[in-house]
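[1] my questions concern the predicted model and sequence given below.
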Amino acid sequence: MSDTLAGRRRPPGFGYTLIELAFRFSPLLLLAFFWEFLGLSGIVSQQMLPGLGEVFSAFVQMLVNGDLLYNTARSVSRAAGGLAAAVIVGVVVGLMMAQFRIARLLVNPIVQIFYPMPKSALIPVVMIWLGLGDSSKILLIFLGCLLPVVVGTYNGARGVNPFLLWSAASLGASRFDVLREVVLRGAMPDIINGCRTALAFSFILMVSSEFVIATDGVGFMISSLGDGGQYPAMFAAIFFVAGIGFGADRLYAMFARRSLRWREA
């Protein structure tokens, strides 16, 4: 009996046929074909757009000599530090804004002002404040990732059904218990979405900040390779960090599905 007839939904990513896999990855295959076509046809100079074979060779070489792994580890550690701090602070601030009017009055104007501002505009500011060390990059990533978490948590907490709050209070739950068991759980889908946005921002800010205020890291590596005309290695580093970002997003999506499984019960 098929999965459909049995009433079971096939888990994403498992049991795909070759045709389904080819269809799912066809955009990447078309992009690779277009890449090679541009270089071989002479529309774009192969010096500026090296073949994928050259890019792969440069990638293997950087893996062997350890440069790519070292710089990537430095970058990911900075992104992880800034993102973790932003999630912790953002959830607390968002819940405080949703529960206390004074917190909302104090924080909401700051959120409204800084949310639409490009966070990369803060790079010169944090460089003046903290120099070229890790702290400047971590602070920039923290600031860029903080607001999506705050907004997601606030919107989720404000959207919790008031009847649930009144019911919990009428049963003798303390305000802290209501906040933890009702508000936090009810806001979890929005918190998870805000954290996923922050995860994407962390990679963007990680690379962009290292272009300017770093002496190592994958962003610094990409910039240095481009300035030196080592384009195969530059593209290899770009693809590698893009792959890490994609993998991190997929892992987070799996975590999100598991975390929200209770909603289907």
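    Done, it's in. Just so you know, these numbers come straight off a predicted model, no measurement behind them.
[2] in the protein, spot the helix with the most residues.
    If you go by DSSP state H, the chain has its longest helix at helix 67-99.
[3] show me the domain layout of the chain.
    Domain segmentation of the chain under automatic domain parsing yields 18-49, 58-264.
[4] before we move on, the earlier item: which of the residues in the longest helix of the chain are classified as buried?
    Of the residues in helix 67-99, those with enough neighbours to count as buried (16 or more other C-beta atoms under 10 Å) are 67-68, 71-72, 74-76, 78-79, 81-83, 85-87, 90-91, 93-99. C-beta: built from backbone N, CA, C; applies to glycine.
[5] which elements pack onto that helix?
    Helix 67-99 sits against helix 52-65, helix 101-114, helix 134-158, helix 184-212, helix 218-227, helix 231-259, with contacts defined as 3 or more C-beta pairs under 8 Å, 6 or more residues apart in numbering; DSSP states H and E.
[6] ok, which of the ones you listed comes nearest residue 127?
    For residue 127, the closest of the helices and strands packed on helix 67-99 is helix 134-158, at 5.9 Å, according to C-beta to C-beta.
[7] hmm, back to that, now distance to residue 44 and mean pLDDT too, for the helices and strands packed on helix 67-99, in CSV please.
    Shown next, in CSV, are the helices and strands packed on helix 67-99 (distance: least, C-beta to C-beta, whole Å; pLDDT from 0 to 100):
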stretch, distance to residue 44, mean pLDDT
helix 52-65, 14, 90
helix 101-114, 39, 86
helix 134-158, 33, 90
helix 184-212, 23, 89
helix 218-227, 16, 89
helix 231-259, 11, 90
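[8] out of those, which is the most enclosed?
    Of those, the one with the most neighbours on average (mean count of other C-beta atoms under 10 Å) is helix 134-158, at a mean of 24.
[9] and residue 130, how many neighbours does it have?
    Look at residue 130: counted by other C-beta atoms under 10 Å, it has 16 neighbours.
[10] so it touches residue 139, yeah?
    Yes. With contact defined as C-beta atoms under 8 Å, residue 130 counts as touching residue 139 (6.3 Å).
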